[in-house]
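Undergrad: Got a predicted model here, sequence first, then my questions.
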Amino acid sequence: MRSLALLLLTSLAVLAAAAPAHAAEPTSCPALLQHSFPRLQDEQPQPLCQYAGRVLLVVNTASFCGFTPQYAALEKLHARYQGAGLVVLGFPSNDFNQEKGSNREIADFCENTFGVKFPMFGASAVRGRDANALFRELAARSGRAPLWNFHKYLVGRDGEVIADYGSITRPDDPALVRALEQALAQR
């Protein structure tokens, strides 16, 4: 009887110890997302790991560019697919001399002109030696750095770059949307 009670207690202890470890298992953060950047609106640091497990469309943006109207299409894409797991991430840059003003001014422009609600980060370089860490990795993994504003990188739920699209590819381009929908279907 005593050995049965001991066996029962031991089994319960093993189960109790195993359950919390499994329940508390965190979602891993892919190497590509292990960076933090200041939020555009208030410059508070934002870890990109908060987007782990989602499909990302990472875009370098500018306020005074012929492609600036793409903000509206990016917001529409973000709103349409957000519930399925898409997050558009905007990174303003003056690498092509078409972004002026403070982060606050850029944020006001994006929100007031195009109704941008997707996450935007503080202005930074996106190409060359001074490129921020995320864009250095995106360029290395895709084999292509942005040649101009509104270059888009599609990143899968696993943190791997699926494709990249140049500035002339609009956010509602059928090939981009098809690739995005395929990425969203991956679990």
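TA: Now that the structure is in, tell me what you want to look at.
Undergrad: Do a quick rundown of the strands in this structure.
TA: Ranges of strands in the chain, per DSSP state E, are 36-38, 45-47, 55-61, 86-92, 152-155, 161-165.
Undergrad: winner for burial among those?
TA: Highest mean neighbour count among those (mean count of other C-beta atoms under 10 Å): strand 55-61, with a mean of 26. Where C-beta positions appear, they are placed from N, C-alpha and C, glycine not excepted.
Undergrad: Skipping its backbone neighbours, what lies nearest the residue nearest the centre of the chain in space?
TA: The residue lying closest to the centre of the chain (C-alpha atoms, centre = their mean) is Leu56, at 4.3 Å. Sequence neighbours aside, Val155 is the residue nearest to Leu56 in space, at 4.1 Å (criterion: C-beta to C-beta, 6 or more residues apart in numbering).
Undergrad: wait, the one you found sits on Val55?
TA: Yes - using C-beta atoms under 8 Å, Val155 is in contact with Val55, at 6.9 Å.
Undergrad: Can you name the residues that contact the residue nearest to Leu56?
TA: The contact partners of Val155, taken as C-beta atoms under 8 Å, 6 or more residues apart in numbering, are 32, 55-58, 138, 161-162.
Undergrad: Low-confidence stretches in the protein?
TA: Flagging of the chain using pLDDT under 70 yields the residue ranges 1-27.
Undergrad: From Cys110, how far off is Ala52?
TA: 25 Å (C-beta to C-beta, to the nearest Å).
Undergrad: out of the two, which sits in the busier spot?
TA: Taking neighbours as other C-beta atoms under 10 Å, Ala52 and Cys110 compare with Cys110 leading, 24 against 19.
Undergrad: How about the more buried one: what's its closest non-neighbour residue?
TA: Leaving aside its sequence neighbours, Cys110 sits nearest to Val116 (C-beta to C-beta, 6+ apart; 3.9 Å).
Undergrad: Noted, bye for now.
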